[in-house]
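any chance you can model this:
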Amino acid sequence: MNWNELLCSDRPRKARTSAVSEDLRSEFEKDYHRIIGSASFRRLQDKTQVFPLDKSDFIRTRLTHSLEVSSFGKSLGKNISREIQNTIGDAEFLPSYEADICDLLQCAGLLHDIGNPPFGHFGEEAIRIWFAENLGRLEFQRQPVEQVLSEQMRADFYHFEGNTQALRLVTKLHFLVDEHGMNLTKALLGTIIKYPVSSLQIDKKSGNIKDKKMGYYYAERAIFEDIQESLGTGGCRHPLTFVLEAADDIAYRTADIEDAFKKGCITYQQLVKELRDRRPRQFKKEYDELVENLEYRCKKARERKLSSPELNAVQNWIIYLQGQLISGATAGFVKNYSSIMDGTYKTDLFDGTFCQPIIRVLGEIAFDYAFNTEPILRLELAAQTIFTFLLDRFVPAAIAYDTEQPSNMVQQKLMALISDNYKGIYHIYARDKEPQEKLYLRLLLVTDFICGMTDSYAKSLYQELNGIS
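Have a look, this model is predicted:
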């Protein structure tokens, strides 16, 4: 892979000529403004990061999380670009590429969760569970839907992914001018594809991170292939995808601890004890210094007689820790530059660095003290009830939609509730398709509709359809 192709600024639909005065923005800066101004991005303010429907202004949503990832991505882009020029000395890496990479990663951070359904990652799992349990009982024209769909079409729903939905949203569903969605640059689209494999190519045992999940639906196969060809990635991850993933890891691993502390899920004493008890075998010195830094900050906050010294210490330590993780991810990219660029690197940027154990430990603590707590479990079960109800009602209605198959008045009214924008996109891409693919696209119409919901809208729609005031 080479940077000239990887930073391709072409768009799926060629730009239209304009009589307006010259626009001095780069193509990647234009991407940024398209994203920031989109309704899809604004909806992230009412989508769960960890704590669903939380009333606190402090607790992060998908919007605040995405802004943090965007910020870390840009910082990593600057660090890595300088290292490529000054340490690695790649003669093909032009100085102008630094600004492009920073802009690209800033945009990718804003987009990385834009396809996620309401109620966090549990929403993805609820959709997967529903299709696994129900696709076999549904019928279309007296045939089981499961048998009508192709193997890949079925697998797309069994392995439903928010990351995959993001590609679909920005290339089709966000009707800005036409059916090409936001019509973003191919370099940006390539960067947000974390898993460049189809639902039939998922292999969690391959040892290669790119095979862990699917990265595109059958419906977007032509778009995916065009992006791969333009960027010269050839089925490999875009190098900047590793950087985007590191930015995401830095953001959520640290934020989950801070949010859990703020919510009272874990105390300062418990946090220090857990950090001490989970001391790794490797990088002990570096790990101990990180923990000691937290204790030092708490000691200084107490000496200053702050009203909440533990909170002050945790929040300041999180900022310090983020800086250390940025350094670790930069070091990981530099160390593995050759294998990243030839497409053979198989893991994340923290692997083998002093940051690897702290990243793992933060995740374990967050799971034990936040994700696996009774309030979160109750909310997740409530979310599953909402998803099950919505899919139970809308999927049968969508199966009959736009066909000669009879539908009742309730099903017709349900389809009327789905956005005209989504239905318009369905009709554009269903034109001249075989019945099998049209059925597949109608099922995607439902998941498009549900993924576009905010937490509050999904809850209120469930209540309204059930006659709950």
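
okay, the residue nearest the centre of the chain and Ala329: tell me how far apart.
Centroid-nearest residue in the chain, with Cα atoms, centre = their mean: Asp113, separated by 3.0 Å. Asp113 sits 19 Å away from Ala329, going by Cβ to Cβ, to the nearest Å. To be clear about C-beta, it is placed using only N, CA and C from the backbone, and glycine gets the same treatment.

the residue nearest to the centre of the chain against Thr48, yeah?
No: Asp113 is beyond contact range of Thr48, at 10.4 Å (criterion: Cβ atoms under 8 Å).

per-residue pLDDT, the residue of the chain positioned farthest from its centre?
What lies farthest from the middle of the chain is Glu303; by Cα atoms, centre = their mean that is 41.5 Å. If you check Glu303, the pLDDT there is 94.

again, but for Ser338
Model confidence at Ser338, given as pLDDT, is 97.

can you tell me the helix or strand for it?
Applying DSSP states H and E as the criterion places Ser338 in helix 337-341.

which strands and helices lie in contact with the helix or strand just after that helix?
For helix 337-341, the succeeding helix or strand toward the C-terminus, using DSSP H and E, is helix 356-366. Using 3 or more Cβ pairs under 8 Å, 6 or more residues apart in numbering; DSSP states H and E, the elements in contact with helix 356-366 are helix 239-262, helix 268-277, helix 284-303, helix 309-335.

how about the second one: buried residues?
Buried residues in helix 268-277, counted by 16 or more other Cβ atoms under 10 Å: 268, 271-272, 274-275.

tabulate those residues (JSON lines), appending distance to Lys335 and pLDDT.
Converted to JSON lines, the buried residues of helix 268-277 look like this (distance: Cβ to Cβ, whole Å; pLDDT from 0 to 100):
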{"residue": "Tyr268", "distance to Lys335": "35", "pLDDT": "95"}
{"residue": "Leu271", "distance to Lys335": "30", "pLDDT": "96"}
{"residue": "Val272", "distance to Lys335": "31", "pLDDT": "96"}
{"residue": "Glu274", "distance to Lys335": "29", "pLDDT": "96"}
{"residue": "Leu275", "distance to Lys335": "26", "pLDDT": "96"}
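
among the residues you listed, which one sits closest to Thr233?
Leu275 (38.6 Å; Cβ to Cβ).

tell me which residues are up against the helix or strand in which Ala132 is found.
Taking DSSP H and E as the definition, Ala132 sits inside helix 120-134. Here helix 120-134 makes contact (Cβ atoms under 8 Å, 6 or more residues apart in numbering) with 47-50, 52, 116-117, 119, 157-162, 380, 383-384, 387-388, 391-392, 395, 447, 450.

how near is Ser199 to Ala398?
Distance, Ser199 to Ala398, by Cβ to Cβ: 20 Å.

picking up where we left off before, which SS state does the residue nearest to the centre of the chain fall under?
coil (DSSP: H, G, I helix; E, B strand; the rest coil).

got the contact list for it?
By Cβ under 8 Å, 6+ apart, the neighbours of Asp113 are 44, 47, 62, 65-66, 69, 162, 166.

closest to Ile250 among those residues?
Val69 (8.1 Å).

that older thread, most neighbours of all the contacts of Asp113, which one?
Neighbour counts for the contacts of Asp113 peak at Val69, which has 28 neighbours (criterion: other Cβ atoms under 10 Å).

before we move on, the earlier item: quick one: mean pLDDT for the helix or strand following the helix holding Ala132?
Tracing the chain C-terminally past helix 120-134 and defining elements by DSSP H and E, one meets strand 139-140 next. Averaging pLDDT along strand 139-140 gives 91.

what packs against strand 139-140?
Checked by 3+ Cβ pairs under 8 Å, 6+ apart, strand 139-140 has no helix or strand packed alongside it.

partners of it, with directions?
Strand 139-140 has its sheet partners listed here by DSSP bridges as strand 143-144 (antiparallel).

got any ranges where the stretch 301-450 of the chain has weak pLDDT?
Judged against pLDDT under 70, the stretch 301-450 of the chain has no low-scoring part.

element containing the nearest residue to Ile202 once chain neighbours are set aside, please.
Distances taken as Cβ to Cβ, 6 or more residues apart in numbering place Met214 nearest to Ile202, at 5.7 Å, with adjacent residues excluded. Counting by DSSP H and E, no helix or strand carries Met214.

repeat for Pro196
Assessed by DSSP H and E, Pro196 sits outside every helix and strand.

for the closest residue to it other than its chain neighbours, give me the pLDDT.
Of all residues beyond its chain neighbours, the one nearest Pro196 is Gly215 (5.1 Å), with distances taken as Cβ to Cβ, 6+ apart. At Gly215, the pLDDT value in this model is 96.

count of residues packed around Gly215?
Gly215 has 26 neighbours, counted by other Cβ under 10 Å.

separation between it and Pro309?
Distance of Gly215 to Pro309, computed by Cβ to Cβ: 45 Å.

try Ala99
Relative to Pro309, and taking Cβ to Cβ, Ala99 is found at 42 Å.

go on, Asp203?
49 Å.

next one: Lys284
Taking Cβ to Cβ as the measure, Lys284 falls 27 Å from Pro309.

the two: which has the busier surroundings?
Legend: neighbour count by other Cβ under 10 Å for Lys284 and Pro309, higher for Pro309 (18 against 11).

show the contacting residues for the more buried one.
With contact taken as Cβ under 8 Å, 6+ apart, Pro309 is in contact with 298, 301-302.

show me which of the residues you listed are buried.
298, 301.

out of the contacts of Pro309, who's nearest Ser26?
Once Cβ to Cβ is applied, the member of the contacts of Pro309 that ends up nearest Ser26 is Ala301, at 43.4 Å.

wait, doesn't that closest one sit right on Gln315?
No: applying Cβ under 8 Å as the test, Ala301 and Gln315 come out as separate, 9.8 Å apart.

any idea how far Pro117 is from Asp448?
Taking Cβ to Cβ, one finds Pro117 at 10 Å from Asp448.

ugh, wrong one, I meant Lys47
Taking Cβ to Cβ, one finds Lys47 at 15 Å from Asp448.
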